[in-house]
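Visitor: Take a look and give me a structure for this.
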Amino acid sequence: MASRIGNRVVGGADKALDLLRTLPRVSLGNLKSNPRAFPKSGRGAAQHGGDKHGAGNKGSGQRQNFLRLGYETGNNPFYLRVPKEPYYKGHHLRREYPPVSLSRLQTLIDTGRLDSSKPIDLAALCNTKLFTLIPDQNHHGFQLTDEGLDNFKAKVNIEVQWAPEQVIAAIERNGGVITTGFYDMSSLWALRDPLKFFGRGVAIPKRQLPSDNVVEYYTDPKNRGYLADPDLIAHERFALSQKYGYQLPDLKKDPALDMLLERKDPRQIFYGLQPGWLVNLKDKTIYEPDDQSLLQYYKS
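Guide: Take a look at the predicted model:
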């Protein structure tokens, strides 16, 4: 509706323009949201929540804070906390051996991820991409656990870093061979990802001997240690078969004798590759050292 101001007839658009001329400039200081544009939370967070604010509950002037139901133990509710089996409960410097069960091992062989006609070691397990080995988090290899003990039927030549007696019996009952071996940190990094290690273009390092606190384990024939006497291991194989009541297969009559008896040298990291050799992935060649000082170092 138009109106008269003095001798001028003013309409609605003119009124709006006159109003804008009198208003201040638009800036961040005079901008605000529309009323009720954002709903207000019904309950405050942390110290601003709860319904008990008496001064006598938690001291002078402090507000009482009640945690939500199920969050009494921290930021995660109790029903989302996953039970953890403390394999390595103890000192933070203690060696850790991530578990690999016999059931998982049988599944990997049945699905073709592991070739039972070849020796299985730490590199073969890591190449399946199903096991994670992190040496800088104190992982020193894998331990073979007895889960799926009764259903394990594969005949393998396997090398792990830790194995209990019942697992050793399950492997040897099927005509297999098990060895427990120690690897130092540089060897573990090489075995964890052999392709990445060979891509660096460095010589294969020499495998170091175990430290004093584990040398007894890896020299004990009962543990099938890689430093134990082979004659004593043969005696312990027979003794274990008598203890668990199974017929020990004769390895000499096995057609896969060469595979079952293949073992690494105490200084060797990879099967078929000696310390000091350099693998060229681009040219697909292997270089062997010929310097006498290098040969003496890697063979000592």
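Visitor: would you list every one of the helices in the stretch 51-200 of the chain?
Guide: 102-110, 122-127, 165-173, 185-192, 194-199 (DSSP state H, counting those that start in this stretch).
Visitor: what packs against the second one?
Guide: For helix 122-127, the contact count by 3 or more Cβ pairs under 8 Å, 6 or more residues apart in numbering; DSSP states H and E identifies helix 185-192 as packing neighbours. (Glycine included, C-beta is placed from N, CA and C.)
Visitor: same thing with the fourth one?
Guide: Packing contacts for helix 185-192, counted by 3+ Cβ pairs under 8 Å, 6+ apart, involve helix 122-127.
Visitor: Ok, the first one next?
Guide: Using 3+ Cβ pairs under 8 Å, 6+ apart, the elements in contact with helix 102-110 are strand 143-145.
Visitor: Let's test this: mean pLDDT of the strand it packs on, rounded?
Guide: Strand 143-145 shows a mean pLDDT of 94 in the predicted model.
Visitor: who does that strand touch, helix- and strand-wise?
Guide: Strand 143-145 packs on strand 99-101, helix 102-110, strand 157-160, going by 3+ Cβ pairs under 8 Å, 6+ apart.
Visitor: Could you export the helices of the stretch 51-200 of the chain as a markdown table, including mean neighbour count and distance to Pro210?
Guide: Shown next, in a markdown table, are the helices of the stretch 51-200 of the chain (neighbours: other Cβ atoms under 10 Å; distance: least, Cβ to Cβ, whole Å):
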| stretch | mean neighbour count | distance to Pro210 |
| --- | --- | --- |
| helix 102-110 | 18 | 24 |
| helix 122-127 | 20 | 15 |
| helix 165-173 | 20 | 19 |
| helix 185-192 | 19 | 11 |
| helix 194-199 | 14 | 21 |
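Visitor: Figure out which of those is closest to Gln143.
Guide: For Gln143, the closest of these is helix 165-173, at 8.8 Å, according to Cβ to Cβ.
Visitor: List of residues touching that closest one?
Guide: For helix 165-173, contacts defined as Cβ atoms under 8 Å, 6 or more residues apart in numbering pick out 102, 144-146, 149, 152, 156, 158, 177-178, 222-224, 237, 240-241, 243-244, 246, 248.
Visitor: Give me the buried subset of those.
Guide: Taking 16 or more other Cβ atoms under 10 Å as the criterion, what is buried in those is 102, 144-146, 152, 156, 158, 177-178, 223-224, 237, 240-241.
Visitor: For Pro210, state which of these is nearest.
Guide: Distances from Pro210 to the buried ones among the contacts of helix 165-173, taken as Cβ to Cβ, are shortest for Asn223 (11.9 Å).
Visitor: ok, how many other residues are close to Lys206?
Guide: 20 (other Cβ atoms under 10 Å).
Visitor: List the contacts of the residue most central in space within the chain.
Guide: Closest residue to the average C-alpha location of the chain: Thr132 at 3.5 Å, with Cα atoms, centre = their mean. Shown in contact with Thr132 (Cβ under 8 Å, 6+ apart): Pro98.
Visitor: Use 54 as the first number from now on
Guide: Sounds good: first residue 54 from here, last item Thr185.
Visitor: Next one: it, what pLDDT does it get?
Guide: Reported pLDDT for Thr185: 87.
Visitor: Also Thr126?
Guide: 67.
Visitor: you'd agree Leu310 is up against Leu304?
Guide: Yes. Contact criterion Cβ atoms under 8 Å: Leu310 and Leu304 qualify, at 6.1 Å.
Visitor: So which of the two has more stuff around it?
Guide: A count of neighbours by other Cβ under 10 Å puts Leu304 above the other of Leu310 and Leu304, at 16 against 12.
Visitor: Provide a list of residues in contact with Leu183.
Guide: Residues near Leu183 by Cβ under 8 Å, 6+ apart: Arg157, Leu161, Arg166.
Visitor: Right, I'll leave it there.
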